[in-house]
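Asks: Kindly generate the corresponding structure for this input.
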Amino acid sequence: MRWCRFKADNGVSFGIIEGDTVIAVDGSPFGDYTKTTRSYPLSSVKLDIPTVPSNFFCVGVNYADHVRRMAAKRGKEPEFPKQPDIGYRSNNALIAHDENIIKPRDAGPQFQYEGELVAVFGKTARNVSKEEALDYVLGWTIGNDVSERGWQASDRTLWRAKNSDTFKPMGPWIETDVDLDAMQTAIRVNGAVTESFKTNNMIFDAPTYISLVSKYCTIHPGDVMWMGTDGVPANIDVGDVVEIEISGIGTLRNKVVAET
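Replies: Numbering: from 1, shown residues only. Now for the predicted structure:
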């Protein structure tokens, strides 16, 4: 099933996408819902972020090739994480598919994308085992963890390097039926492929992270967990269009514009 949040008739609704049609529902995918008689051509609606999370977890350094290539870029030996590591992002940074990433006036040239698989939770998870972890995931969407590397290096925290307004595109929808092992991620800038990798080729897989986080932090329906990126992200600038495609889900597309 493919879920979305969309704007139509002067309001925001959850909907189920069937082919090229969106069927509005009363309720949400995180609780009880019923299909309505309201339907719209998908091309006629404005897609919103597919969920507004109460907790926004974000995995870091989770692909071995990313570690190796970034270390080589710095002229250092790769250091692989010895345990799963998790961070947080801020909801103010979230934007939807086809909305603009705003590059701040004082942002430097190392302004980069990170294409990521995103788990969207459908049930409350607390102290769950690795074996049952995926039972708490409603489905999967796509995220772009936009980062200003100069700020990331100079600031004590990631408060602006990764959490400035519009730095977290997410969407376009939630896909509930996927084969994680079959997924491929491709990142394109202005139509040219800059990275391509096996989506589930992670150092620590999603069940490991979900189980660990739920041991200490309650995960609520609608919460998200971004699963990290592979490769070496390239710089992007005003005018660039970034597309992140994950097979089995779709494509998240956003343009970079200048702060006015």
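
Asks: alpha carbons only for contacts and neighbour counts from here, please
Replies: OK.

Asks: And the residue nearest to Arg160 when sequence neighbours are not counted, how far from Val67?
Replies: Counting by C-alpha to C-alpha, 6 or more residues apart in numbering, Trp151 is the residue found nearest to Arg160 once chain neighbours are left out, at 7.1 Å. As judged by C-alpha to C-alpha, to the nearest Å, Trp151 and Val67 stand 20 Å apart.

Asks: Tell me who's in contact with the residue nearest to Arg160.
Replies: Leu158, Arg160, Ala161 (C-alpha atoms under 8 Å, 6 or more residues apart in numbering).

Asks: switch to 10 Å and redo it
Replies: Ala107, Gly108, Gln110, Phe111, Thr157, Leu158, Trp159, Arg160, Ala161, Lys162 (C-alpha atoms under 10 Å, 6 or more residues apart in numbering).

Asks: Same question for Asn144.
Replies: Asn144 neighbours (C-alpha under 10 Å, 6+ apart): 94-95, 112-118, 167-171, 187, 226, 228-229, 242-244, 252-254.

Asks: Now, the residues you listed that are in helices?
Replies: Here DSSP state H is the test, and those give no hits in helices at all.

Asks: Got a ChimeraX select line for the buried ones in those?
Replies: The following ChimeraX line selects those of those that are buried, judged by 16 or more other C-alpha atoms under 10 Å:
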select :94,95,112,113,114,115,116,117,118,167,168,169,170,171,187,226,228,229,242,243,244,252,253,254
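
Asks: what about the spatially most distant residue from the centre of the chain, distance to Arg156?
Replies: Ranking residues of the chain by C-alpha distance from their mean position (C-alpha atoms, centre = their mean) puts Thr37 at the top, at 30.8 Å. Here Thr37 is placed at a distance of 52 Å from Arg156 (C-alpha to C-alpha).

Asks: same check, this time on Ile219
Replies: 27 Å.

Asks: who's more crowded, the two?
Replies: Ile219 (26 against 8; other C-alpha atoms under 10 Å).

Asks: what sits opposite the more buried one in the beta ladder?
Replies: For Ile219, the beta-bridge partners are Ala125 (DSSP bridges).

Asks: my guess is it contacts Ala133, does it?
Replies: No. If you go by C-alpha atoms under 10 Å, Ile219 and Ala133 don't touch, sitting 11.1 Å apart.

Asks: sorry, back to before: who are the contact partners of the residue farthest from the centre of the chain?
Replies: With contacts defined as C-alpha under 10 Å, 6+ apart, Thr37 is in contact with Ile23, Ala24, Val25.

Asks: Show only the entries of these found in strands.
Replies: Judged by DSSP state E, the contacts of Thr37 include Ile23, Ala24, Val25 as members of strands.

Asks: now those as CSV including pLDDT and distance to Phe56?
Replies: Listed next are those as CSV, based on pLDDT from 0 to 100; distance: C-alpha to C-alpha, whole Å:
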residue, pLDDT, distance to Phe56
Ile23, 98, 27
Ala24, 97, 26
Val25, 97, 25
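
Asks: Name the SS class of Leu134, please.
Replies: The three-state assignment at Leu134 reads helix, by DSSP: H, G, I helix; E, B strand; the rest coil.

Asks: Give me the local confidence score for it.
Replies: Looking at Leu134, its pLDDT is 98.

Asks: picking that back up, buried ones from the contacts of Trp151, can you make that a ChimeraX selection?
Replies: In ChimeraX, a selection of the buried entries from the contacts of Trp151 looks like this (16+ other C-alpha under 10 Å):
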select :110,111,158,160,161,162
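
Asks: my guess is Asp9 contacts Val45, does it?
Replies: Yes. At 9.4 Å, Asp9 counts as touching Val45 under the criterion of C-alpha under 10 Å.

Asks: Neighbour count for the two, which is higher?
Replies: More crowded of Asp9 and Val45, by other C-alpha under 10 Å: Val45, with 15 against 7.

Asks: so what's that one up against?
Replies: Taking C-alpha under 10 Å, 6+ apart, one finds Arg5, Phe6, Lys7, Ala8, Asp9, Thr21, Val22 in contact with Val45.
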